[in-house]
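Chemist: how would this look folded up:
(chains A and B)
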Amino acid sequence: MSTNLVESVIEGLKTWARVNSPWVIHFNSGSCNGCDIEILATITPRYDLERFGIKLQGSPRHADVLICTGPVTRQARERLIRIYEQMPEPKFVIAVGSCALSGGVFDGLYNVAGGIDQVLPVAAYVPGCPPRPEAIIDGVVKLLSSLQQPAPETAPAREQGATQPVYEGEAI
Amino acid sequence: MELGPVARVWHQGVPEMNPIVALLIFPGGLFVLTLGLAYEWVDRKLLARAQNRVGPRWFQPLADVFKLLAKEEVIPNDVNPLLFVGLPIAALAGALTAALYVPIFGLAPAYSFEGDLIVTVYLLSLLTLCMGLAGANTLNRFALVGATRTLTQLFSYEAPFMLALLAPAFVAQTWQISAINSYASTHWLIVTQPIGFLVALIGLMGKLELPPFDAPEAETEIVAGAMTEYSGRGLALFRLGKGVEMVVGLTLVAAFYLGGIGGPLDFLLKTGALLIAIVIIQALMTRLRIEQTVGLWWRWGALLVLVQLLLYILWEVVTA
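Modeler: Numbers count the residues shown, from 1 in each chain, chains lettered A, B, ... in the order given. The predicted model follows:
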């Protein structure tokens, strides 16, 4: 009984820390740079994501959230997977922009593998071409609040991150 | 040990503590870790305000550390696993041990002997040395460049910083931190040794790798420097160590140059003032290249402190 209490307190503490300190890394797997510029705008002092504890990290080893933009080109595919594999558990992927969601205008090209979810388990989708910084922040916050809820009964197929999308907002 | 007037009153109110409690909870161990996190928050918050931002919430450093401790620790290929796991522990242990020799929170140091100033300065360097070794231990090219820069910077600021801490020791005629502290409580050495104060404060910034001396972890060039391959527990321990080192360094500089530390209020006011000064310098300056850092220390820092020492010796000879 007491060990259960200790465990639940520790689990609660872990979840609290994860929700309040998401460090992100940003990867462009073939985007036109529009979404990347919006992501850079999101981390400027105007939006000040340090309020939520969000910090941009350069090293995948330090990051919790991988923010991906663009369709996955066949050339970038291996690099994207390698970056993802370098991140320590637990880790989450956010797909930002129309192309990252479905391939966008690049869908069906001979050199494009499709959206991010063709390669990695995506936890949140942020639509838009490009999405506004407010939409990106909304996606991150929805992902974080989904961590506070208990895990769904149907376990994800892969261990890493969630395979089920937790956020499918409307395009702004 | 001689105490200043304020310190004497404070120490009469504090009962004799169990050595284990003093070592692990207060004023060593847990208390210093908490203080380190709090000072890290003040640093980040003030820097954010200087940049016209809202800044992190008060529990941000704590959440960061908990999250990192709960994360997986990836041990990369081709590193020495013993060193990889052991270096963060050694770094934090060095910083925590250094905290036992300085008047944390206005209390008398937990341990004190003639010459503990030298021991403390070396213990403070242990963190930087461990970070350099940790970077050099991995095969990551960013970590290697970061390790080279960390160690280069160590060799450049260490001598001026030490000279700047030795100048008060010369005046107080002792190498014992608590004795220098009680001497300084009647002599504001910042007035008589302004150069030493400046060099000590800026040397502390070099030690903590704060801007403008953050070339060793320049995230726009070399990802995260020596820390690039560290994840989870190792990174958390290094961050905690840095927080502790900040507290110890601020305490040392405040005790030596700002009229000594006689009590908790004295401690908070003086180290807080130094922290604000450090934040202002951080907000105003851009990053120096590594050779500019080395040049600054050896051409200006070391020389100016030596000139100040020479002037002091001449003064002693003339007045004798």
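Chemist: alpha carbons only for contacts and neighbour counts from here, please
Modeler: Noted.
Chemist: and the stretch 101-250 of chain B, which of its residues are near chain A?
Modeler: Counting by Cα under 8 Å from any Cα of the partner chain, the residues of the stretch 101-250 of chain B close to chain A are B:Glu219, B:Val223, B:Ala224, B:Thr228, B:Glu229, B:Tyr230, B:Ser231, B:Gly232.
Chemist: farthest pair within those?
Modeler: The largest separation in those, counting by Cα to Cα, is between B:Glu219 and B:Gly232 at 18.5 Å.
Chemist: higher neighbour count, those two?
Modeler: B:Gly232 (22 against 17; other Cα atoms under 10 Å in any protein chain shown).
Chemist: hang on, the earlier thing: filter the residues of the stretch 101-250 of chain B next to chain A down to the buried ones and hand me the ChimeraX line.
Modeler: Paste this into ChimeraX to select the buried members of those, with burial taken from 16 or more other Cα atoms under 10 Å in any protein chain shown:
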select /B:219,223,224,228,229,230,231,232
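Chemist: any regions of the chain where pLDDT drops low?
Modeler: No chain specified, so I'll use chain A. Within chain A, the ranges that satisfy pLDDT under 70 run A:1, A:150-172.
Chemist: not what I meant, chain B
Modeler: B:1-19, B:22.
Chemist: need the helices for chain A, in chain order.
Modeler: A:2-20, A:34-42, A:74-86, A:98-102, A:133-148 (DSSP state H).
Chemist: buried deepest among the ones you listed, which one?
Modeler: Among the helices of chain A, helix A:98-102 has the highest mean neighbour count (mean count of other Cα atoms under 10 Å in any protein chain shown), at a mean of 26.
Chemist: so what touches that helix?
Modeler: A:31, A:68-72, A:95, A:104-107, A:114-117, A:125-130 (Cα atoms under 8 Å, 6 or more residues apart in numbering or on different chains).
Chemist: separate out the buried members of these.
Modeler: In those, the ones that pass as buried (16+ other Cα under 10 Å) are A:31, A:68-72, A:95, A:104, A:106-107, A:114-117, A:125-130.
Chemist: can you list which of the residues you listed are found in strands?
Modeler: A:Cys68, A:Thr69, A:Val72, A:Ala95, A:Gly114, A:Tyr125, A:Val126 (DSSP state E).
Chemist: report the contact partners of the third one.
Modeler: I take that to be A:Val72. Contacts of A:Val72 (Cα under 8 Å, 6+ apart): A:Ser29, A:Gly30, A:Ala100, A:Gly103, A:Val112, A:Ala113, A:Gly114, A:Gly115, A:Ile116, A:Val119.
Chemist: which strand residues bridge it?
Modeler: Residues in a beta bridge with A:Val72, per DSSP bridges, are A:Gly114.
Chemist: span of stretch A:50-69 from start to end?
Modeler: From its first residue to its last, stretch A:50-69 covers 21 Å (Cα to Cα, to the nearest Å).
Chemist: what's the offset of it from the middle of its chain?
Modeler: Centroid displacement of stretch A:50-69 relative to its chain, using Cα atoms, centre = their mean, to the nearest Å, is 9 Å.
Chemist: quick revisit: which of the ones in strands among the buried ones among the contacts of helix A:98-102 lies closest to chain B?
Modeler: Nearest to chain B among those, counting by Cα to the nearest Cα, is A:Cys68 at 18.2 Å.
Chemist: surely that closest one touches A:Val96?
Modeler: Yes: A:Cys68 lies in contact with A:Val96 (Cα atoms under 8 Å); the separation is 6.0 Å.
Chemist: so where do the helices sit in the stretch 51-200 of chain B?
Modeler: B:60-70, B:81-99, B:116-137, B:141-172, B:177-184, B:189-192, B:194-207 (DSSP state H, counting those that start in this stretch).
Chemist: who touches residue 104 in this structure?
Modeler: Since no chain was named, I'll use chain A. A:Pro71, A:Ser98, A:Gly115.
Chemist: that's the other chain; I wanted chain B
Modeler: B:Pro27, B:Val32, B:Val248, B:Thr251, B:Phe267.
Chemist: please apply the same query to B:Ile276.
Modeler: B:Asp43, B:Leu46.
Chemist: ok, now how distant is it from B:Leu208?
Modeler: For B:Ile276, the distance to B:Leu208 - Cα to Cα - is 15 Å.
Chemist: can you check B:Gly295 too?
Modeler: 18 Å.
Chemist: give me the more crowded residue out of the two.
Modeler: Between B:Gly295 and B:Leu208, counted using other Cα under 10 Å, the more crowded position is B:Leu208 (18 against 13).
Chemist: can you count the residues close to B:Thr286?
Modeler: Count around B:Thr286 with other Cα under 10 Å applied: 12.
Chemist: my bad, B:Gln173
Modeler: 12.
Chemist: tell me how far it lies from chain A.
Modeler: Using Cα to the nearest Cα, to the nearest Å, B:Gln173 is found at 47 Å from chain A.
Chemist: and that residue, what does it touch?
Modeler: Contacts of B:Gln173 (Cα under 8 Å, 6+ apart): none.
Chemist: contacting residues for residue 116?
Modeler: Using chain A. A:Ile116 neighbours (Cα under 8 Å, 6+ apart): A:Cys68, A:Gly70, A:Pro71, A:Val72, A:Ala95, A:Ala100, A:Leu101, A:Ser102, A:Val122.
Chemist: oops, I was thinking of chain B
Modeler: B:Asp116 makes contact with B:Tyr101, B:Trp175, B:Gln176, B:Ile177 under the criterion Cα under 8 Å, 6+ apart.
Chemist: do the same with B:Phe142
Modeler: B:Phe142 neighbours (Cα under 8 Å, 6+ apart): B:Ile222, B:Val223, B:Ala224, B:Gly225, B:Ala226, B:Thr228.
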